[in-house]
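Q: Sequence and predicted structure are below.
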Amino acid sequence: MFKIEAAEVTLVRLPLKFRFETSFGVQTEKLVPLLTLHGEGVSGLSEGTMEPAPMYREETISGALALLREVFLPRVLGRTFDNPQALEAALGPFRGNRMARAMVEMAGWDLWARTLGVPLGTLLGGTKTEVEVGVSLGIQPDEAATVEIVRRHVEQGYRRIKLKVKPGWDVGPVGAVREAFPDIRLTVDANSAYTLADSGRLAALDAYDLTYIEQPLAWDDLVDHAELQRRLRTPLCLDESVASAADARKGLALGAGRVINVKVARVGGHAEARRVHDVAASFGAPVWCGGMLESGVGRAHNIHLSTLPNFALPGDTSSASRYWETDVVNEALEATNGLMPVPAGPGIGVTLNRDFVASRAELHEELRT
Ligand code: OSB
Ligand code: MG
């Protein structure tokens with residue numbers, strides 16, 4: 001059992017070390033909402049992965065902060081829960097807003113794991129002590145720059161290279177990279193930039209031996225993905241359009257894809273992420289852990305989740321030092337030769353660098369009953 005006595009919400013602005021261009025825009029900094037749930041002598045940490053504007057999915061930081069303040073935290077503050085599943089159930093009646101609900105649920109898992117003194121991954125049923133990771137590389141100015149940035153990351157040992165693509169920026173860079181690196185595990189991610197009318201262009205990618213094409217079609221679509229999958233040899237991987245285990249079941253049953261990118265916050269937390277993992281396993285479909293340019297808090301959550309067995313393909317949880325000059329946590333989260341060690345110790349295994357967080361905080365609120 002654990003009691004939630006108080007909550008702290010902090011919003012931190014971090015400059016990104018690289019310019020991250022996707023089909024939906026360019027990012028040069030990250031606004032990171034952090035939640036601390038205080039129990040009796042123990043606390044749990046989580047990070048929100050919604051963004052200032054609803055470009056990836058529909059949730060936003062300002063919307064999530066309002067919901068946390070006005071609805072979700074008042075529902076759980078002062079209460080005692082048997083386990084994180086009971087905490088998840090307390091938020092179960094609320095619809096949508098899964099990233100906001102996930103902040104509460106994920107901090108609850110960390111709090112509970114720290115109370116028990118076990119690593120979060122172990123509590124979730126994971127067994128790995130390190131997890132395989134790749135990198136997600138943004139759209140580059142030209143093909144030569146793309147080949148060059150891929151070379152740097154292949155040399156660092158990353159186990160998979162994912163290139164962001166969009167209409168007009170696909171077969172060119174993919175062909176150039178495949179020619180330079182015939183044997184690497186290569187994927188692309190379109191973040192919903194295509195429609196079924198582009199299926200000819202997408203079928204041209206079949207020539208490059210991609211492990212999968214991630215979310216080519218609309219963020220809320222499964223039916224057109226199923227039609228597209230019938231027209232392609234390359235497996236499709238669903239990201240945006242899977243918000244729950246039910247979505248995963250429907251998508252896999254329809255043949256909308258053969259792989260799922262699991263982002264714990266997108267599906268509402270660890271319990272639902274594990275259900276997505278299990279549903280995919282029942283279809284014989286591998287999953288992998290996606291990323292949202294997380295700070296060390298979200299990154300540590302991702303690493304622990306990735307220790308489950310059906311995380312069978314390398315995730316996006318690359319070294320924190322790629323993203324940040326200074327991270328919000330004290331521990332370094334660094335991959336060596338494409339292997340990310342699971343942070344040791346209870347819970348997510350990382351601690352907040354409180355001075356740094358305070359120096360970068362744009363908002364700080366404490367809530368109690
Ligand atoms: O589609 O996976 C995505 C980042 C922000 C929003 C969506 C996505 C991404 C990434 C980055 O691909 C993965 C990472 O390095 O964290
Ligand atoms: Mg994606």
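A: Looks like it arrived, so ask away. Numbering: from 1, shown residues only. Ligands and ions are numbered 1, 2, ... in the order given.

Q: ok, and the closest non-adjacent residue to the residue of the chain found nearest ligand 1?
A: Relative to ligand 1, the nearest point of the chain is Gly291 (2.4 Å; CB to the nearest ligand atom). (Each C-beta comes from the backbone N, C-alpha and C, glycine too.) Once flanking residues are discounted, Gly291 sits nearest to Asp316: 3.6 Å by CB to CB, 6 or more residues apart in numbering.

Q: What is the burial count for that neighbour?
A: For Asp316, the count of nearby residues is 22 (other CB atoms under 10 Å).

Q: pLDDT score for Thr369?
A: You'll see Thr369 listed with a pLDDT of 86.

Q: I'd say His38 and Lys3 touch.
A: No: taking contacts as CB atoms under 8 Å, His38 lies outside contact range of Lys3: 9.2 Å.

Q: okay, the two: which has more neighbours?
A: Taking other CB under 10 Å, His38 and Lys3 do not tie; His38 has more neighbours (19 against 16).

Q: roughly how far apart are that one and Ala90?
A: Distance, His38 to Ala90, by CB to CB, to the nearest Å: 17 Å.

Q: Kindly report the same for Phe18.
A: Using CB to CB, Phe18 is found at 39 Å from Ala90.

Q: who has more neighbours, those two?
A: Between Phe18 and Ala90, counted using other CB under 10 Å, the more crowded position is Ala90 (19 against 13).

Q: That one reaches Arg79, doesn't it?
A: Yes: shown here, Ala90 and Arg79 form a contact pair, counting by CB under 8 Å, at 7.2 Å.

Q: Does the top helix by length along the chain pack against any helices or strands, and if so which?
A: What stands out as the longest helix in the chain, according to DSSP state H, is helix 98-116. Helix 98-116 sits against strand 2-3, strand 25-38, strand 43-47, helix 61-67, helix 84-91, helix 120-124, helix 270-282, with contacts defined as 3 or more CB pairs under 8 Å, 6 or more residues apart in numbering; DSSP states H and E.

Q: can you list these in TSV and add distance to Met340?
A: TSV is the format used below for the helices and strands packed on helix 98-116 (distance: least, CB to CB, whole Å):
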stretch	distance to Met340
strand 2-3	28
strand 25-38	19
strand 43-47	17
helix 61-67	27
helix 84-91	23
helix 120-124	12
helix 270-282	17
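
Q: how about JSON lines for the ones you listed, with mean pLDDT added?
A: Output for the helices and strands packed on helix 98-116, formatted as JSON lines (pLDDT from 0 to 100):
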{"stretch": "strand 2-3", "mean pLDDT": "96"}
{"stretch": "strand 25-38", "mean pLDDT": "97"}
{"stretch": "strand 43-47", "mean pLDDT": "98"}
{"stretch": "helix 61-67", "mean pLDDT": "98"}
{"stretch": "helix 84-91", "mean pLDDT": "98"}
{"stretch": "helix 120-124", "mean pLDDT": "98"}
{"stretch": "helix 270-282", "mean pLDDT": "98"}
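
Q: CA atoms of the helix or strand containing Arg152 as CSV?
A: Under the criterion of DSSP states H and E, Arg152 resides in helix 143-155. Once non-C-alpha atoms are left out, helix 143-155 reads as follows in CSV (Å, rounded to 0.1, in the frame of the first residue of the first chain):
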residue,chain,number,x,y,z
GLU,A,143,21.5,13.5,-48.6
ALA,A,144,25.2,13.9,-47.9
ALA,A,145,24.4,15.3,-44.5
THR,A,146,22.1,12.3,-43.9
VAL,A,147,24.7,9.7,-44.8
GLU,A,148,27.2,11.6,-42.6
ILE,A,149,25.0,11.7,-39.5
VAL,A,150,24.1,8.0,-40.0
ARG,A,151,27.8,7.2,-40.2
ARG,A,152,28.5,8.9,-36.8
HIS,A,153,25.7,7.0,-35.1
VAL,A,154,26.6,3.6,-36.7
GLU,A,155,30.1,4.1,-35.5
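
Q: Is it positioned near ligand 1?
A: No: using CB under 6 Å from any ligand atom, we find that helix 143-155 stays clear of ligand 1, coming within 11.3 Å at best.

Q: Next secondary structure after that helix?
A: Next along the chain after helix 143-155, taking DSSP H and E as the criterion, comes strand 161-164.

Q: outside of the next helix or strand after that next one, which residues touch it?
A: Sequence-wise, the next helix or strand downstream of strand 161-164 (DSSP H and E) is helix 171-180. The contact list for helix 171-180 (CB atoms under 8 Å, 6 or more residues apart in numbering) reads 140, 143-144, 146-147, 150-151, 161, 163, 165, 186, 188, 201, 204-205, 207-210.

Q: Sort out which residues of helix 171-180 are buried, please.
A: 171, 173-174, 176-178 (16 or more other CB atoms under 10 Å).

Q: So which elements touch the strand of greatest length in the chain?
A: Counting by DSSP state E, the longest strand found in the chain is strand 6-22. In terms of contacts (3+ CB pairs under 8 Å, 6+ apart), strand 6-22 is packed against strand 25-38, helix 61-67, helix 354-360, strand 361-368.

Q: buried residues in it?
A: By neighbour count with 16+ other CB under 10 Å, strand 6-22 contains the buried residues 6-12, 14, 16, 20-22.

Q: Looking at the residues you listed, which is nearest ligand 2?
A: Thr22 (8.4 Å; CB to the ion).

Q: so how far is Asp189 from that closest one?
A: 8 Å.

Q: Between those two, which contacts overlap?
A: Lys164.

Q: can stretch 330-338 be found next to ligand 1?
A: No: Stretch 330-338 stays clear of ligand 1 (CB under 6 Å from any ligand atom), getting no nearer than 11.8 Å.
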